[in-house]
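Novice: what's the 3D shape of this:
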Amino acid sequence: MNKLDKVFKDRYPELPWGDARRMRNIIVHVYSKVDAAQVYSTATKDLDVLQSTLLK
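Specialist: Residues are numbered from 1 along each chain as shown. Predicted structure coming up:
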């Protein structure tokens, strides 16, 4: 998330960039606190929103 260009992120302010960064950091660094239900929900619901927003 930190490597995404600021101009790119600014183009899509409606997307929760901070939430995505925090989730990634938990999964990578604090995996003992990963909520499997939250990961599943993100993968099955939130990624569809991300994809449709970026494809517009």
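Novice: drop to CA atoms for contacts and neighbour counts, all remaining ones
Specialist: Will do.
Novice: I'd like the next helix or strand past the helix or strand hosting Val39.
Specialist: Using DSSP states H and E, Val39 sits within helix 36-41. Downstream of helix 36-41, the next assigned helix or strand under DSSP H and E is helix 47-55.
Novice: quick one: average confidence on that following helix?
Specialist: Regarding helix 47-55, the rounded mean pLDDT is 87.
Novice: can you tell me what sits against that helix?
Specialist: By C-alpha atoms under 8 Å, 6 or more residues apart in numbering, the residues outside helix 47-55 that reach it are Tyr12, Leu15.
Novice: run the chain-centre distance for that helix.
Specialist: Centroid separation for helix 47-55 versus its chain: 11 Å, with C-alpha atoms, centre = their mean, to the nearest Å.
Novice: now do the buried residues in it.
Specialist: Buried residues in helix 47-55, counted by 16 or more other C-alpha atoms under 10 Å: none are found.
Novice: and it, C-alpha only, in CSV?
Specialist: Extracted in CSV, the C-alpha atoms of helix 47-55 (Å, rounded to 0.1, in the frame of the first residue of the first chain):
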residue,chain,number,x,y,z
LEU,A,47,-12.8,-6.7,-3.4
ASP,A,48,-15.8,-6.5,-5.7
VAL,A,49,-16.4,-2.9,-4.7
LEU,A,50,-12.7,-2.1,-5.3
GLN,A,51,-12.7,-3.8,-8.7
SER,A,52,-15.8,-2.0,-9.9
THR,A,53,-14.5,1.4,-8.7
LEU,A,54,-11.2,1.0,-10.4
LEU,A,55,-12.8,-0.3,-13.7
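Novice: helices or strands next to whichever helix in the chain runs longest in the packing?
Specialist: For the chain, the longest helix by residue count, based on DSSP state H, is helix 17-29. With contacts taken as 3 or more C-alpha pairs under 8 Å, 6 or more residues apart in numbering; DSSP states H and E, helix 17-29 sits against no other helix or strand.
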